[in-house]
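Engineer: give me the fold of what follows.
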Amino acid sequence: MNLHQFRFVREAVRQNFNLTEAAKALYTSQPGVSKAIIELEEELGVDIFTRHGKRIRSLTEPGRRILMSVEKILQEVESLKRVGKDYAAQDQGNFTIATTHTQARYALPRVIAEFTKRYPKVRLSIQQGTPAQIADMILHDQADIGIATEGISSDKALVSLPGHQWQHMVITPPDHPLLEKKHLTLEDLAGYPLITYDVNFAGRPKIDKAFALRHLEADIVLEAIDADVIKTYVEVGLGIGIVAGLAFDAERDRNLRGIPAGHLFGTNVTHLAVKQGAYLRSFVYTFIELFSPTLNRKLVEQAMSGDHEAYEL
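Structural biologist: Numbering: from 1, shown residues only. Alright, predicted model coming up:
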């Protein structure tokens, strides 16, 4: 058996059992992929895939266990490669961050500016997506690290680290009646059309839960994944906005006013996530420390080893 056979098995599963697509993804021929898989099955003495004619349809029961071993082996191989590259060039390489628009637009600029000063030879790439897409990019080695508020902290295949806490902000035009309220309530907000995030982004579940617990119906007239879009539509008078606190800056957003809403929607935690068992290059630890002053290399390594109590906020 060899690594090529393992890669063919893994890619066949990733491509929904389509060997033609698996071959394209690995820049080889479909007959070659099919032959290599059959030879591996013959060597192991079990079928990895169920078949209908010449087409594979799904994993067999032993195939599921074999895939788990294949994933671990290939992950270790990738780690070995990264170790070699890291020690050969400690201050250069490619570094891909998968994150949401809010984090890329508001949380990361300061961090990345400082990071690039320290590591000018590192080629940075920021990939934006939903929390589910971010997790998928990490798991498929398309990103070194992921940053999001939802989703990634519950994926058992990822090591999730708390980065920073934040609260929501209600934003209004400069002359809005809500600005006269000494203590903003959910009942106050329920009386106005609201503009906020899509259900998968920036603490939206907590917003929905808060209204539900008070048996109130929020009149959400527009959902977006982008705080800039939300602020734009508040400015044109479509409704009142609810955004992540880090997305509002009084100096920058001069045509708007902000009201802290942590007492209404609670505190959110943005997490950083890496793949279980991944080898982290030295500059990745530096990036993590720049993003969250509460984290350091020792704590990250403890988390990677399974010591979850070591990195609770």
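
Engineer: lowest average confidence, helix or strand, in the protein?
Structural biologist: helix 61-88 (a mean of 79; mean pLDDT, DSSP states H and E).

Engineer: tell me what the helix or strand that it is followed by is packed against?
Structural biologist: The C-terminal neighbour of helix 61-88 among helices and strands, as given by DSSP states H and E, is strand 92-99. Strand 92-99 sits against strand 121-128, helix 131-139, strand 145-148, helix 282-291, with contacts defined as 3 or more C-beta pairs under 8 Å, 6 or more residues apart in numbering; DSSP states H and E. The C-beta positions use only the backbone N, C-alpha and C, and glycine is treated the same way.

Engineer: low pLDDT regions in the stretch 1-150 of the chain?
Structural biologist: Where the stretch 1-150 of the chain drops to pLDDT under 70, the residues are 83-90.

Engineer: and if you look at the stretch 151-300 of the chain?
Structural biologist: 151, 153-155, 202.

Engineer: mean neighbour count, the helices and strands packed on strand 92-99: which tops it?
Structural biologist: Mean neighbour counts were compared across those using mean count of other C-beta atoms under 10 Å; the top stretch is strand 145-148, at a mean of 28.

Engineer: which strands and helices sit next to that one?
Structural biologist: strand 92-99, helix 131-139, strand 267-275, helix 282-291.

Engineer: quick one, what contacts the most centrally placed residue in the chain?
Structural biologist: Residue closest to the mean C-alpha point of the chain, counted by C-alpha atoms, centre = their mean, is Ile134 at 3.3 Å. By C-beta atoms under 8 Å, 6 or more residues apart in numbering, the contact set of Ile134 is 98-100, 143, 146-148, 151-152, 273.

Engineer: name the SS class of the nearest residue to Glu11 once chain neighbours are set aside, please.
Structural biologist: Counting by C-beta to C-beta, 6 or more residues apart in numbering, Glu11 lies nearest to Ala22, which is 4.2 Å off, once chain neighbours are set aside. Assigned by DSSP: H, G, I helix; E, B strand; the rest coil, the conformation of Ala22 is helix.

Engineer: so Ala22 touches Ala12, yeah?
Structural biologist: Yes: counting by C-beta atoms under 8 Å, Ala22 does reach Ala12; the two are 4.6 Å apart.

Engineer: what do the two both touch?
Structural biologist: In contact with both Ala22 and Ala12: Val33, using C-beta under 8 Å, 6+ apart.

Engineer: tell me how many other residues crowd the residue nearest to Glu11.
Structural biologist: Neighbours of Ala22 under the rule other C-beta atoms under 10 Å: 25.
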